[in-house]
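Undergrad: what follows is a predicted protein model with its sequence.
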Amino acid sequence: MVGGSRGVGRAIALEGARRGADVAVFYRSRHEEAQAVIAAIRSEGRTAAAVRAALADPAETRAAVDAAAGALGGL
């Protein structure tokens, strides 16, 4: 979930977890907020990962997707 550390992105990430999804939260600078979302997702019994990336950079985006896939066991 891009921007999953706050606002609408956070709400979508949490709802996805409630519906049974494992979730990767991408964030740029809000580490603490991202970790709070990850904790909430894990409390739903789901797998979750927070991945820091500047998604405007294609190389960082590829690396972030690879990191999320690794953390979640695939996409």
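TA: That came through fine.
Undergrad: what about the chain, any weak spots by pLDDT?
TA: 1 (pLDDT under 70).
Undergrad: all the strands of it, residue numbers only.
TA: For the chain, the strands defined by DSSP state E occupy 23-27, 48-52.
Undergrad: pull out the buried residues from the last one.
TA: Residues of strand 48-52 classed as buried under the neighbour-count rule (16 or more other C-beta atoms under 10 Å) are 48-51. Every C-beta, even on glycine, is put in place using the N, C-alpha and C of the backbone.
Undergrad: for that strand, name the packing helices and strands.
TA: On a contact count with 3 or more C-beta pairs under 8 Å, 6 or more residues apart in numbering; DSSP states H and E, strand 48-52 meets strand 23-27, helix 31-43, helix 58-72.
Undergrad: how does it look with 10 Å?
TA: Using 3 or more C-beta pairs under 10 Å, 6 or more residues apart in numbering; DSSP states H and E as the contact criterion, the elements in contact with strand 48-52 are helix 7-18, strand 23-27, helix 31-43, helix 58-72.
Undergrad: from these, which stretch is densest packed?
TA: Comparing those by mean neighbour count (mean count of other C-beta atoms under 10 Å), strand 23-27 ranks first with a mean of 25.
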